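Peer 1: sequence-free structure coming up:
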């Protein structure tokens, strides 16, 4: 590893039920698809479910932005 390569990464995830934010360190985060309990609403979900919900939300936002931009052009 060189000095310019990061040793870990941080990501903010959102609970797909209530929208609470979670800070996650990607290095050493445990088993893939671990179960997570939201401290705000007590919903239990897997990290994969959370990431899929966030991806869907991002795609919705991108579609909305594309629509708004195409109207302005």
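Peer 2: Cool, the structure landed. Predicted, not measured: the structure shown is a model, and the values here were computed from it.
Peer 1: Could you use CA atoms for every contact and neighbour count after this?
Peer 2: OK.
Peer 1: quick one: low-confidence parts of this protein?
Peer 2: The chain contains residues with pLDDT under 70 at 1-11, 24-33.
Peer 1: ok, now which ones touch the residue minimising distance to the centre of it?
Peer 2: Central residue check for the chain by Cα atoms, centre = their mean: the C-alpha nearest the mean position is that of residue 13, 3.8 Å away. Listed by Cα atoms under 8 Å, 6 or more residues apart in numbering, the contact set of residue 13 reads 21, 22, 23, 24, 50, 51, 54.
Peer 1: List only buried entries from these.
Peer 2: Buried by 16 or more other Cα atoms under 10 Å: 50, 51, 54, out of those.
Peer 1: Name the nearest residue to residue 23, ignoring sequence neighbours.
Peer 2: residue 12 (4.6 Å; Cα to Cα, 6 or more residues apart in numbering).
Peer 1: whoops, residue 20 was the one
Peer 2: Nearest to residue 20 is residue 14, by Cα to Cα, 6+ apart, at 5.5 Å.
Peer 1: right, and that neighbour touches residue 50 too?
Peer 2: Yes - Residue 14 lies in contact with residue 50 (Cα atoms under 8 Å); the separation is 7.0 Å.
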